[in-house]
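A.B. asks: quick check, what structure comes out for this input:
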Amino acid sequence: RYDEEDVEWVLQKLNQRIDYLEDQVKQEAAQAKQEQMARAETSGAIAGATPSATTAMENAQFEAKLKGAGVDVPDMEQLLMSFSPQQIQALEQLSDDDDGDDTAEPKSTEEIAAAFRTVPGLSEEQIQDLVALELS
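C.D. replies: Reported below is the predicted structural model:
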């Protein structure tokens, strides 16, 4: 039989493992963001473009619009960083497939979720976060 100390030891080890895995995820997200920024800088340099004050101002205006729409920008950034390049491509394809008809009936939560479920590898949490973002 296991006594209370054994159970506490197991819980302690599990909590340590959780902490370790959370740190790993944070590090991987930070590394992915750095790689993405490096790719963006490289592609901008190849095209002869450099980041400008105008771009920074546009980004700030876009962020203000998102906040005004009730979007939690840091949560959205974290969500976007959680996608693989293949998932991003599939999500962009979904956006391209949308006919952009503003007069059409708004899609239901279920229809939006069903569309996101076609993207390979998305977790249910990611799908729900995307639905919430889409509806905001």
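
A.B. asks: ok, residue 74 - contacts?
C.D. replies: For residue 74, the contact set (CB atoms under 8 Å, 6 or more residues apart in numbering) is empty. For every residue, glycine as well, the C-beta is placed using N, CA and C.

A.B. asks: got the confidence number for residue 104?
C.D. replies: Residue 104 carries a pLDDT value of 63.

A.B. asks: by contact count, what packs against the helix or strand of the chain at the bottom of the mean pLDDT ranking?
C.D. replies: Across the helices and strands of the chain, mean pLDDT, DSSP states H and E gives its lowest value to helix 53-68, namely a mean of 70. On a contact count with 3 or more CB pairs under 8 Å, 6 or more residues apart in numbering; DSSP states H and E, helix 53-68 meets helix 73-81.

A.B. asks: show the average pLDDT along the following helix or strand past the helix it packs on.
C.D. replies: The helix or strand immediately downstream of helix 73-81 is helix 85-97, counting by DSSP states H and E. Mean per-residue pLDDT for helix 85-97: 83.

A.B. asks: helices or strands up against whichever helix or strand comes after helix 85-97?
C.D. replies: Next in sequence after helix 85-97, counting helices and strands by DSSP H and E, comes helix 109-116. Where contact means 3+ CB pairs under 8 Å, 6+ apart, helix 109-116 is packed against helix 85-97, helix 124-135.

A.B. asks: can I get helix 109-116 as CSV, trimmed to CA atoms?
C.D. replies: Only the C-alpha atoms of helix 109-116 are listed here, as CSV (Å, rounded to 0.1, in the frame of the first residue of the first chain):
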residue,chain,number,x,y,z
THR,A,109,-20.1,29.5,-33.7
GLU,A,110,-20.5,25.9,-34.8
GLU,A,111,-19.8,26.8,-38.4
ILE,A,112,-16.7,28.7,-37.5
ALA,A,113,-15.5,25.9,-35.2
ALA,A,114,-16.2,23.3,-38.0
ALA,A,115,-14.1,25.3,-40.4
PHE,A,116,-11.2,25.5,-37.9
